[in-house]
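In: this is a predicted model, with the sequence first.
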Amino acid sequence: MITDRERAPLTRSFFDRPVLDVAPDLLGRILVRTTPDGAIELRLTEVEAYAGPVDPGSHAYRGRTERNAVMFGPPGHSYVYFTYGMWHCLNLVCGPEGTPSGILLRGGEIIRGADLARANRPTSRKDADLAQGPARLATALAVDRSLNGSDVCDPWTSVAGEPAGSPFRVLTGTPPAAGLVRSGPRTGVGGEGAVHPWRFWIDGDRTVSPYRAHAPRRRR
DNA sequence: GTTAGGATGATCT
DNA sequence: GATCATCCTAACA
């Protein structure tokens, strides 16, 4: 059962918890993406948890490789991967260190810097689409693999001494209204990984991506 | 409103 | 060689 009113303090140890605790706790919080052109703020509305070695859906399921190496590192860092030949996806690594797990950011509402986000994603027809879906989210926030392994600062370490060029921060934001946090199967995850209801979203929010079940692709 | 098909390349078996 | 934590467009209802 999801207890959507439990909110951990947003300190350095926020991400150093089991991924299933962190994932619903991220809903409603704000990811600040700082670019050379300015800041974009995104209120998170949809995430998916990937639970490392016990989860067939996780990139870390078959052990450490060059691609998934940051999932095996300390929590509070970004894991960015490239998929389908075109797209990037942004994850946040959770703890404790040694249990490689991450949270895929699937959807959010741009609450500041919408002009920058629109410039990054000119094909978007309406603002609700800007970060609706993981690859759209990464595109709107100008995230690519050059940001893999970046530190995700919390407010306490970033108030005065934020390193120049630090690309991500997380702010407290506004919690979802009571009773609106939902969970269900993860999008696009098949096999045994499909049984876990590890997708979390804010019910009724227009920036949550439509659910699509896993479907094997036809070969051509 | 929904659905089918193509784009495109890194990664892993 | 197959798979992939996807998106967009066109076609249809």
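Out: The structure has been received and is ready for your questions. Since the structure is predicted, the reported quantities are computational estimates derived from the model, not experimental observations.
In: contacts and neighbour counts: CA atoms only from here.
Out: Noted.
In: residues near the residue in chain A that DNA strand C sits nearest to, how many?
Out: At 3.3 Å from DNA strand C, A:Gly133 is the closest residue in chain A, using CA to the nearest atom of the strand. Per other CA atoms under 10 Å, the neighbour tally for A:Gly133 reads 22.
In: who's in contact with it?
Out: A:Arg106, A:Gly107, A:Val208, A:Ser209 (CA atoms under 8 Å, 6 or more residues apart in numbering).
In: kindly recompute the last result at 7 Å.
Out: A:Arg106, A:Gly107, A:Ser209 (CA atoms under 7 Å, 6 or more residues apart in numbering).
In: just give me the closest of the residues you listed to DNA strand B.
Out: Among these, and counting by CA to the nearest atom of the strand, the member closest to DNA strand B is A:Ser209, at 11.5 Å.
In: okay, now the closest one: neighbour count?
Out: By other CA under 10 Å, neighbour count at A:Ser209 equals 21.
In: do I have it right that it meets A:Leu130?
Out: No: the pair A:Ser209 / A:Leu130 is not scored as a contact, 10.9 Å apart, by CA atoms under 7 Å.
In: what's the pLDDT at the most centrally placed residue in chain A?
Out: Centroid-nearest residue in chain A, with CA atoms, centre = their mean: A:Leu105, separated by 2.1 Å. According to the prediction, A:Leu105 has pLDDT 98.
In: could you dump the host helix or strand of it to PDB, C-alpha only?
Out: Element membership for A:Leu105 (DSSP states H and E) is strand A:101-112. Extracted as PDB, the C-alpha positions of strand A:101-112 are listed here (Å, rounded to 0.1, in the frame of the first residue of the first chain):
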ATOM      1  CA  SER A 101      18.800   0.500  -8.300                       C
ATOM      2  CA  GLY A 102      17.400   3.500 -10.000                       C
ATOM      3  CA  ILE A 103      14.300   5.500 -10.700                       C
ATOM      4  CA  LEU A 104      13.300   6.300 -14.300                       C
ATOM      5  CA  LEU A 105      11.700   9.800 -14.500                       C
ATOM      6  CA  ARG A 106       8.700   9.200 -16.900                       C
ATOM      7  CA  GLY A 107       6.700  12.400 -16.700                       C
ATOM      8  CA  GLY A 108       6.500  15.800 -15.200                       C
ATOM      9  CA  GLU A 109       5.100  19.300 -15.500                       C
ATOM     10  CA  ILE A 110       7.400  22.100 -16.600                       C
ATOM     11  CA  ILE A 111       6.800  24.900 -14.000                       C
ATOM     12  CA  ARG A 112       9.600  27.200 -15.000                       C
END
